[in-house]
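In: I would like the atomic coordinates for the input below:
(one chain, ligands or ions: 1)
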Amino acid sequence: MAPDLLALMGDTPLVRLDRLSHDVGPTLVAKLEMLNPGGSVKDRIGISMVEAAEAAGILKPGGTIVEPTSGNTGVGLAIVAARKGYRCVFVVPDKVSGEKVSLMRAYGAEVVVCPTAVEPEDPRSYYSVSDRLAAEPNAFKPNQYFNQANPQTHAFSTGPELWRQTGGRIDAFVAGVGTGGTVTGVGRYLKERKPDVTIVGADPEGSLYSGDTVRPYLVEGIGEDFWPETFDPDVVDVWERVSDAESFQMARRCAREEGILIGGSGGTALVAAHRFAATQPDDALIVVLLPDSGRGYLSKLYDETWMAEHGFNQPTAGKGNVGDVLEAKSSDRLPSLIHLHPGETVAAAIALLKEYGVSQMPVFAEAVHDDARTDDVLGSIRENALLDAALSDPGVMQRAIGEVMQPPLPTVSLDDPLGRVAAELAGGATALLARDGDRFVGVITRADVLEFLSARA
Ligand SMILES: Cc1ncc(COP(=O)(O)O)c(C=O)c1O
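Out: Next up is the predicted model:
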């Protein structure tokens, strides 16, 4: 009999995934982290970060734990706080599912929800808000992105468990990378035991880790737009980059074919593991870590309408369309069709991008203003491309837009379903031009679509 719930954290089982790996040679095995008492891999660091702070005298009786977290770390910490009598305040980004927020509140924690569409330095960002709260008296911020107890826990527990459970046979370890704690700790331990083990990082499209252009994505808990102190990139031998659609479809398959209900980031890890397994010899043993349960995502990837609205299924049941998104965009924020002409300078374009706080604009034929027809579009100006041009050619500021512009933004029609919009945006476009018949009526960005969907969630 365990003395308390904390003693039951870790020592999660391994299970073979024979269905999902039937079409590849190697043996694929999953580490079931959703079987931790708090339902995720983050139980492990909740307790270790708190106990390290107690030992260092940073966290004292009656203290408050303040942490920015996408949810699972919050639950791990909330359980420890409940047992040890600390107050907990969690700061979460607004894309985190409502169920996860309710869950942390159920353990007695306070939760503050912050906007994702702002820079980390913005006072409203979840990093800034948590810094402010952590500066209050008696507050302790475990900071899972900085705290070395995070990777160390995995070097002391998860790594040795995998070694023991596979009898040293493990050839590759696959995991999603959020704080990087799991992959760093496990990777370091395994490489010490077996230098030729391969560590595979599973990364969402839109994350910096695998070198992608940073952009929003919907898988929760993994991928980043900065390099945390808890992640040692040298430990990862192979990166596999996975789309939201692939991750969610694989998570659903795992539930239906293996009977294991997992979250979206487990789907990302499984896609990576399967892809990697296909390149390995038949006798290889590949372990993939499944961080949490699908119970926290029933209204997202396990909901048919949600999947359809995001274009992750056949877009049959999609309710919203391009017109709805445009209508929801606050009309007083931007003139409907800010645009440039080919004769204007790059410097003027940059001033206009800055004035309206946008990162791309269409370029229309010289004489055209608000009433643009589909054949009046000559190209587009995109902030990323301008930055590249400015870095390689300092004289670019005085050049004409017509000489440096990019191809036009893709076009969608007012009655196109959101599935079509999602597919276009997933193809790498930063924004889309919306047309009504042969007239352009607006620009739609990823942020507009996400804002529209989150307002309806
Ligand atoms: C759902 C989920 N998956 C994966 C991870 C990644 O683990 P780590 O932070 O150890 O890299 C996290 C981290 O927050 C998570 O919440």
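In: tell me the domain ranges of this protein?
Out: 5-40+148-302, 43-140, 312-456 (automatic domain parsing).
In: now Tyr356, nearest residue through space, not along the chain?
Out: Computed as C-beta to C-beta, 6 or more residues apart in numbering, the closest residue to Tyr356 that is not its neighbour in sequence is Ile338, at 5.4 Å. Every C-beta, even on glycine, is put in place using the N, C-alpha and C of the backbone.
In: now the closest residue to the ligand within the stretch 151-300 of the chain: which helix or strand?
Out: Taking C-beta to the nearest ligand atom, the ligand has its nearest neighbour within the stretch 151-300 of the chain at Gly221, 2.5 Å off. When elements are assigned from DSSP states H and E, Gly221 belongs to no helix and no strand.
In: neighbours around Val325, how many?
Out: Counted with other C-beta atoms under 10 Å, the neighbours of Val325 add up to 23.
In: now do Ile47
Out: For Ile47, the tally of surrounding residues (other C-beta under 10 Å) stands at 24.
In: element containing it, please.
Out: With elements taken from DSSP H and E, the one containing Ile47 is helix 43-55.
In: quick check: mean pLDDT of that helix?
Out: The average of the pLDDT scores along helix 43-55 is 97.
In: give the buried residues for that helix.
Out: Judged by neighbour count using 16 or more other C-beta atoms under 10 Å, the buried positions of helix 43-55 are Asp43, Arg44, Ile45, Gly46, Ile47, Ser48, Met49, Val50, Glu51, Ala52, Ala53, Glu54.
In: repeat that for stretch 267-279.
Out: Within stretch 267-279, the residues scored as buried using 16+ other C-beta under 10 Å are Gly267, Thr268, Ala269, Leu270, Val271, Ala272, Ala273, His274, Arg275, Phe276, Ala277.
In: next: stretch 357-374.
Out: Within stretch 357-374, the residues scored as buried using 16+ other C-beta under 10 Å are Val358, Gln360, Met361, Pro362, Val363, Phe364, Val368, Ala372.
In: for the fifth one, list each beta-bridge partner.
Out: So the one you mean is Val363. With DSSP bridges as the criterion, Val363 is bridged to Leu340, Gly379.
In: what about whichever residue of the stretch 1-150 of the chain sits closest to the ligand, how many residues nearby?
Out: Of all residues in the stretch 1-150 of the chain, Asn72 sits closest to the ligand, at 4.1 Å by C-beta to the nearest ligand atom. Residues within reach of Asn72, counting by other C-beta under 10 Å, total 33.
In: that one and Ser40 touch, don't they?
Out: Yes - with the criterion set as C-beta atoms under 8 Å, Asn72 and Ser40 qualify as a contacting pair; they are 3.8 Å apart.
In: tell me if I'm right that Ser128 and Glu121 touch.
Out: Yes - contact criterion C-beta under 8 Å: Ser128 and Glu121 qualify, at 7.0 Å.
In: those two: who's more crowded?
Out: When neighbours are counted by other C-beta under 10 Å, Ser128 and Glu121 differ, and Ser128 comes out ahead with 18 against 8.
In: excluding its backbone neighbours, what's nearest the more buried one?
Out: Here the nearest residue to Ser128 in space, its sequence neighbours aside, is Asp122; by C-beta to C-beta, 6+ apart that works out to 6.4 Å.
In: may I ask which helix or strand of the protein has the lowest mean pLDDT?
Out: Ranked by mean pLDDT, DSSP states H and E, the weakest helix or strand in the chain is helix 418-426, scoring a mean of 76.
In: tell me how far it lies from the chain's centre.
Out: In terms of C-alpha atoms, centre = their mean, to the nearest Å, the centre of helix 418-426 is found 18 Å from the chain centre.
In: now for that helix, which elements pack on it?
Out: Contacts of helix 418-426 with other secondary structure elements, assessed using 3 or more C-beta pairs under 8 Å, 6 or more residues apart in numbering; DSSP states H and E, are made with helix 304-309, helix 322-328, strand 411-413, strand 431-436, helix 446-456.
In: show residues contacting the longest one.
Out: When contacts are defined by C-beta atoms under 8 Å, 6 or more residues apart in numbering, helix 446-456 is touched by residues 94-95, 117, 215-216, 309-310, 320, 324-325, 328-329, 418, 421-422, 425, 430-431.
In: at 6 Å what do you get?
Out: Ala117, Pro216, Val325, Ala328, Lys329, Val421, Leu425 (C-beta atoms under 6 Å, 6 or more residues apart in numbering).
In: ok, those residues vs the ligand, which is closest?
Out: Pro216 (16.8 Å).
In: run a quick neighbour tally on that closest one.
Out: Under the neighbour criterion other C-beta under 10 Å, Pro216 is assigned a count of 17.
In: pLDDT score for it?
Out: Model confidence at Pro216, given as pLDDT, is 86.
In: go on, Ile260?
Out: 98.
In: and what of Ser70?
Out: Value listed for Ser70 in the pLDDT field: 64.
In: near the ligand, which residues of the stretch 101-250 of the chain show up?
Out: Within the stretch 101-250 of the chain, the positions near the ligand by C-beta under 6 Å from any ligand atom are Gly176, Val177, Gly178, Thr179, Gly180, Gly181, Thr182, Val183, Glu220, Gly221, Ile222.
In: where does the chain have low pLDDT?
Out: Per-residue confidence for the chain (pLDDT under 70) gives these ranges: 70, 314-319, 330-336, 427, 457.
In: farthest residue from the center of it?
Out: When distances are taken from the C-alpha mean of the chain, Ala367 lies farthest, 42.7 Å away, according to C-alpha atoms, centre = their mean.
In: can you tell me how far that residue sits from Arg256?
Out: Here Ala367 is placed at a distance of 57 Å from Arg256 (C-beta to C-beta, to the nearest Å).
In: repeat for Glu192
Out: Counting by C-beta to C-beta, the gap from Glu192 to Arg256 is 38 Å.
In: kindly report the same for Ala277.
Out: Applying C-beta to C-beta, the value for Ala277 to Arg256 is 20 Å.
In: quick check: phi and psi on Gly442?
Out: Summarising the backbone geometry of Gly442 under the convention degrees, to the nearest 10, its torsions are phi 170, psi 180.
In: got it, and Thr345?
Out: Reported as degrees, to the nearest 10, the phi and psi values for Thr345 are phi -90, psi 160.
In: contacting residues for it?
Out: Neighbour list for Thr345: Gln398 [criterion: C-beta under 6 Å, 6+ apart].
In: rewinding a little: of the buried residues of stretch 267-279, list those near the ligand.
Out: When the buried residues of stretch 267-279 are checked against the ligand using C-beta under 6 Å from any ligand atom, none falls in range.
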